[in-house]
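**Student:** Turn this into a model:
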Amino acid sequence: MRWLARVEGLSYLLLLFVAMPLKYVFDDPWLVHQLGRVHGVLLLALWVAIARRGQLSRDTRWTGLVTSMIPLGFLFFEAAVSREQEAEE
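**Tutor:** Down below sits the predicted model:
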């Protein structure tokens with residue numbers, strides 16, 4: 001799940017900091033559409049994986065939802081998951 005969260009976070013950063021500037025520089029939204037699709041699929045895959053495991057608390061799942069919407073937020077989510085797993089052990 002961690003690797004999926006990292007890939008999803010990277011796709012968001014690429015979308016924001018590569019595709020969006022290129023869209024406005026070259027007036028071509030093609031890359032935004034492509035990376036947007038990839039990012040959306042990865043985000044859904046991440047949430048399906050989280051729901052199926054059922055190992056995270058409701059608060060941590062909400063943290064994941066909120067942090068998925070901010071750049072580098074996946075790092076905060078990963079830290080929250082790590083804290084929760086350490087508390088269980």
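**Student:** how deep is Y24 tucked in, by neighbour count?
**Tutor:** Using other CB atoms under 10 Å, the number of residues around Y24 comes to 10. In this view, the C-beta of every residue, glycine as well, is placed from N, C-alpha and C.
**Student:** Roughly how far does it sit from L75?
**Tutor:** Separation of Y24 from L75 (CB to CB, to the nearest Å) stands at 27 Å.
**Student:** likewise R83?
**Tutor:** Taken as CB to CB, the span from R83 to L75 is 13 Å.
**Student:** for D27, same thing?
**Tutor:** Taken as CB to CB, the span from D27 to L75 is 33 Å.
**Student:** Looking at these two, which one has more neighbours?
**Tutor:** Taking other CB under 10 Å, D27 and L75 do not tie; L75 has more neighbours (13 against 7).
**Student:** Show me which positions of the longest helix belonging to the chain end up buried.
**Tutor:** Counting residues, the longest helix found in the chain (DSSP state H) is helix 30-53. The neighbour-count check on helix 30-53 (16 or more other CB atoms under 10 Å) flags L31, V32, L35, G36, H39, L42, L43, L46, I50 as buried.
**Student:** Out of those residues, which is nearest to L4?
**Tutor:** Set against L4, the nearest of these by CB to CB is L46 (5.1 Å).
**Student:** gap between that closest one and G9?
**Tutor:** 9 Å.
**Student:** ok, now V32?
**Tutor:** Counting by CB to CB - V32 and G9 are separated by 18 Å.
**Student:** tell me what the longest helix of the chain is packed against?
**Tutor:** helix 2-14, helix 20-26, helix 58-67 (3 or more CB pairs under 8 Å, 6 or more residues apart in numbering; DSSP states H and E).
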